[in-house]
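*Asks:* Okay, here's the prediction I keep looking at, along with the sequence it came from:
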Amino acid sequence: MPDLLELENVGAGYGETVVLESLSMKLAAGQALSILGRNGVGKTTLLNTILGLTTQHSGVIRYKGRDLGRTPSHERARAGLGLVTQERDIFPSLTVDENLRVALRAGEWDAAGVYALFPRLAERKKNMGNQLSGGEQQMLAIGRALIGNPDVLLLDEPFEGLAPVIVDGLVDAFRKLHQTGRMGIVLVEQHAELALELTERAIVLDRGQISWQGPSRELLGDPEQLARLIGLDMAA
Ligand SMILES: Nc1ncnc2c1ncn2[C@@H]1O[C@H](COP(=O)(O)OP(=O)(O)OP(=O)(O)O)[C@@H](O)[C@H]1O
């Protein structure tokens, strides 16, 4: 069986600006992968590149064995690549329920499934998108990606700026998704230890290139190397 997602020597950026250089990675079905690194090293750019939202200068991105080439981002989304951005992209004047249903794509996940995963969203069903707390917005953003029934879920710093109790709830949801699903998950995260605990493999980026990749467990068990790779302040 081919890997779900494979990048081979991918170079990408914004217009002529180069951000990522010769980056190669693989993601199998059911696998979760952390993308770690200091601020500005290209983590978001990597997710955007997979979704076709940047300028790809070189290399190949294969999804289910097929070269995505110049496939536009909306087609990549329709084919099963689901991105949850840091901005969350909630429609402010639609209700929670409407925000969810606009993204519906037939499959295992439906609104009932999302509400079961995030009961808090069920209670806010009729609230407008602009009447939600940060944590509720994040649940809705993830729920909206899920209801699109993606085969690959790309999460850009989903725990950023949220209260610890909310993070705990999202972490539980992440574990459920990972344990039960066949989805491949790519998790960009500043909280390195947490990300390493949640995933099997990790990639560390440094100035647009991979400075380390391997089993998450290995990096988790070597705090000195982790601190060297991503900085002391970010390792915890
Ligand atoms: N739209 C854009 N146009 C031009 N350059 C950009 C754009 N977005 C990001 N960059 C640049 O690309 C580089 C990588 O940014 P990116 O957001 O991918 O890093 P990051 O690792 O996700 O950072 P952070 O952890 O702060 O979110 C940075 O130098 C940034 O200034």
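*Replies:* Cool, the structure landed. These numbers were taken from a predicted model, which means no experiment stands behind them. Numbers count the residues shown, from 1 in each chain.
*Asks:* what about stretch 49-58, start to end distance?
*Replies:* End-to-end span of stretch 49-58 (C-alpha to C-alpha, to the nearest Å): 11 Å.
*Asks:* where along this protein do the strands fall?
*Replies:* 5-14, 17-27, 32-36, 55-63, 66-67, 81-84, 152-156, 184-188, 201-206, 209-215 (DSSP state E).
*Asks:* Now tabulate those strands in TSV and tack on mean neighbour count.
*Replies:* (Each C-beta comes from the backbone N, C-alpha and C, glycine too.) Formatted as TSV, those follow (neighbours: other C-beta atoms under 10 Å):
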stretch	mean neighbour count
strand 5-14	19
strand 17-27	18
strand 32-36	26
strand 55-63	17
strand 66-67	12
strand 81-84	25
strand 152-156	24
strand 184-188	24
strand 201-206	22
strand 209-215	15
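*Asks:* closest one to the ligand among these?
*Replies:* Proximity to the ligand (C-beta to the nearest ligand atom) singles out strand 5-14 among the strands of the chain, at 3.5 Å.
*Asks:* contacting residues around the closest one?
*Replies:* Outside strand 5-14, the residues that touch it by C-beta atoms under 8 Å, 6 or more residues apart in numbering are 18-27, 45, 49-50, 54-63, 152, 184, 186.
*Asks:* Just the buried residues of stretch 113-129, please?
*Replies:* The neighbour-count check on stretch 113-129 (16 or more other C-beta atoms under 10 Å) flags 114-115, 117-118, 120-121, 124, 127-129 as buried.
*Asks:* could you dump the strands of the chain to CSV with mean pLDDT and distance to the ligand?
*Replies:* What follows is those, written out as CSV (pLDDT from 0 to 100; distance: least, C-beta to the nearest ligand atom, whole Å):
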stretch, mean pLDDT, distance to the ligand
strand 5-14, 97, 3
strand 17-27, 96, 4
strand 32-36, 98, 8
strand 55-63, 97, 10
strand 66-67, 95, 23
strand 81-84, 95, 13
strand 152-156, 97, 7
strand 184-188, 97, 7
strand 201-206, 97, 7
strand 209-215, 97, 12
